[in-house]
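Asks: Here's my sequence, what's the structure:
(one chain, ligands or ions: 1)
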Amino acid sequence: MALALGLGSLFNHHPTSPNVSFELDKKAMAIRYRTVRPVAPGEELCICYGAGRMWWETDVPDSPPTPVSESHEIAIFGEIALDEPDTLRPASIPSSYTAPLWRVTASPDPNTLVLETSMAWAIDVPPRASAALVRAMRKLTQAKKLKGSDANEPYSIKHLRSFRKASEVIREDGSAGDASLLSALVSMVDAHPDPAELRSLLESAGEDLPADISLYQVRVPSGPAPNRARLEEWMSVWPCVFLPPGAGLAKKNSIPGSDAARAISLVDREADNAMWSAIGRDGVPHAKAVEEALLRCLRNAEHGRASGEAVGVGVYVTSRSFGEGDTQLEPIDVDAWDTRTSERHPLRHAVPNAVRKVAALRKERDHKSDAANGQDYLLTGLTLFVTHEPCAYCAMALIHSRVRTVFFVQPSPGSGGFCGTQAGVGGQPQCDGTEDGVA
Ligand SMILES: C[S@@+](CC[C@H](N)C(=O)[O-])C[C@H]1O[C@@H](n2cnc3c(N)ncnc32)[C@H](O)[C@@H]1O
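Replies: Residues are numbered from 1 along each chain as shown. Below you'll find the predicted structure:
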């Protein structure tokens, strides 16, 4: 997350074709803005804040909720309703409790992924020479001399269209292109930093290329557009392709060090929605099962409070699968709550209490001398529900425990260790965060 200060905060949002792109320079702690096409006098400079409804667009309705069943409608990723009979409901929970349901994940969201750009080398060729250039590049690629022209290697240019009208291209040196020529991408600058070496490489391919190959730099998106909705934004920098839903951004398929390179896969909201509206093995819709589990977790918090604990945080851990994979686990249902007051112990938060209970249960029940990877004590494959967003300590405990998914009811902006895992503990590369969370 970066906040633009100074003039950076003046850019308004254009949802589809901004004329300015920006990139984060994390080392310099700066944001760089660049025009991505010629700008007419008086034309407003706009960036794209991301896809989807913006916070000021209050009159634009959210997409309608997906009904789970006729009698039980829950807005998937909109709202979760806890409307239990009064006898079961803890007193602290209003009779019709509704809370927004968000997904927080270690994977970046395609709607907010920042468009990163890099410099690439291009040359101008007459249209009739384009086939010769393609042949030359193919030969050099096969001979492993031209870096980045294969999809599966660093500095790949495979997501980018190879040719563009030379007159439409913004060159880094400010020169104008000839309308009768094509601008052809050759490689990323980082793959071949020395233009003289690249030029002689192209000449060595022995194809019928123009005699006066002159390389110039152009700005291109570092990776493919994360979805169709963002494609226009990416295309305004350089024509390119988008990732089909569910496709991952392969680490090796993007610019090393870029956000895209760190991404293992993107959040796939369509698949998410399908998951939430699906029916579990026991015939209960996943969304209804989540609601029940959240209620149990709220009851645990209430139980802690009623037994004199100062902090009312409750946890429920279950082996029940919510559509994420179909592994059959030994059934586990563990309840826990914060016990700092009764145990006079600063570390007896609800989450580590649950982690200890699961470890003890599995050690006793599932222990085998040949158990691999801690499967007889970790939370691998389990889902944990917690009333409050885990703090940094609890988030680390969850990461070390290898829990599969975490649901929490109450986010803790600013102090939570989990929210927007790209900023929280789970998103730190050194933490090996693999868990997903739902708030
Ligand atoms: C970063 S500021 C942009 C500069 C702001 N317009 C100003 O004059 O200070 C973001 C705010 O600008 C407004 N804004 C930006 N793009 C907009 C758009 N396309 N339509 C309406 N309001 C927009 C929203 O109120 C938003 O909260």
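
Asks: any idea what Leu202 is structurally, helix, strand or coil?
Replies: Here Leu202 is recorded as helix under DSSP: H, G, I helix; E, B strand; the rest coil.

Asks: In contact with it, which residues?
Replies: Ile123, Leu133, Ala136, Met137, Leu140, Val186, Leu209, Ile213 (CB atoms under 8 Å, 6 or more residues apart in numbering). Placement of C-beta: from N, CA and C, glycine included.

Asks: Considering the residues you listed, which possesses the most neighbours?
Replies: With neighbours taken as other CB atoms under 10 Å, the top of the contacts of Leu202 is Val186, carrying 27 neighbours.

Asks: Name the SS class of that residue, please.
Replies: Following three-state DSSP, we place Val186 in the strand state.

Asks: residues touching the spatially closest residue to it that is not a sequence neighbour, list them.
Replies: With sequence-adjacent residues excluded and distances taken as CB to CB, 6 or more residues apart in numbering, Val186 is closest to Trp121, at 4.7 Å. By CB under 8 Å, 6+ apart, the contact set of Trp121 is Leu185, Val186, Ser187, Met188, Val189, His192, Pro195, Leu198, Leu215, Tyr216, Gln217.

Asks: let's see 6 Å
Replies: Trp121 sits next to Val186, Ser187, Val189, Leu215 when contact means CB atoms under 6 Å, 6 or more residues apart in numbering.

Asks: What pLDDT does the model give the last one?
Replies: Right, Leu215. pLDDT for Leu215: 95.

Asks: And the third one, by the same measure?
Replies: Here, the pLDDT recorded for Val189 equals 95.

Asks: Ala176: which of the contacts of Trp121 is nearest?
Replies: Among those, Leu215 lies closest to Ala176 (CB to CB), at 16.4 Å.

Asks: Next up, the contacts around that closest one.
Replies: Trp121, Ile123, Pro195.

Asks: how many neighbours does Ala293 have?
Replies: For Ala293, using other CB under 10 Å, the count is 20.

Asks: Below-threshold pLDDT in the stretch 51-200 of the chain: ranges please.
Replies: Applying pLDDT under 70 to the stretch 51-200 of the chain flags residues 51-53, 57-109, 112, 151-152.

Asks: Residues of it that sit close to the ligand?
Replies: By the rule CB under 6 Å from any ligand atom, the part of the stretch 51-200 of the chain lying against the ligand is Trp56.

Asks: Let me see the ranges of the helices in the stretch 51-200 of the chain.
Replies: 130-142, 195-204 (DSSP state H, counting those that start in this stretch).

Asks: Dump these to TSV, plus distance to Ser162.
Replies: Formatted as TSV, the helices of the stretch 51-200 of the chain follow (distance: least, CB to CB, whole Å):
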stretch	distance to Ser162
helix 130-142	7
helix 195-204	14
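
Asks: Out of the contacts of Leu202, which comes closest to the ligand?
Replies: Closest to the ligand out of those is Val186 (36.8 Å), distances taken as CB to the nearest ligand atom.

Asks: how far away is the closest one from Pro390?
Replies: Here Val186 is placed at a distance of 48 Å from Pro390 (CB to CB, to the nearest Å).

Asks: Equivalent analysis for Glu197, please.
Replies: For Glu197, the distance to Pro390 equals 51 Å [CB to CB].

Asks: Those two: who's more crowded?
Replies: Each of Glu197 and Pro390 has its neighbours counted (other CB under 10 Å); Pro390 has more, 30 against 9.

Asks: beta partners for Val406?
Replies: For Val406, the residues forming beta bridges with it (DSSP bridges) are Leu384, Gly437.

Asks: report the angle between the axes of the longest strand along the chain and helix 130-142?
Replies: Criterion DSSP state E: the longest strand present in the chain is strand 117-125. Strand 117-125 runs at 130 degrees relative to helix 130-142, counting by axes from the mean of the first three to the mean of the last three CA atoms, to 10 degrees.

Asks: sorry, back to before: and of the contacts of Leu215, the nearest to Pro285?
Replies: Distance to Pro285 across these (CB to CB) is lowest for Trp121, with 53.5 Å.

Asks: List phi and psi for the closest residue to Met54 other than its chain neighbours.
Replies: Nearest residue to Met54 in three dimensions, chain neighbours excluded: His13, at 6.2 Å (CB to CB, 6+ apart). In terms of degrees, to the nearest 10, the main-chain angles of His13 are phi -100, psi 130.

Asks: surely His13 meets Trp55?
Replies: No - using CB atoms under 6 Å, His13 is not in contact with Trp55; the gap is 10.3 Å.

Asks: between those two, which one's more packed in?
Replies: Taking other CB under 10 Å, His13 and Trp55 do not tie; His13 has more neighbours (13 against 6).

Asks: who does Phe163 bridge with?
Replies: Ala184.

Asks: about what we covered before: what are the buried residues along the longest strand of the chain?
Replies: Thr117, Ser118, Ala120, Trp121, Ala122, Ile123, Asp124, Val125 (16 or more other CB atoms under 10 Å).

Asks: Not counting its own residues, what contacts stretch 368-381?
Replies: Thr327, Leu329, Val358, Ala359, Arg362, Lys363, Asp366, His367, Ser401, Arg402, Val403, Arg404.

Asks: end to end, how far does it reach?
Replies: Terminal residues of stretch 368-381 lie 18 Å apart, using CA to CA, to the nearest Å.
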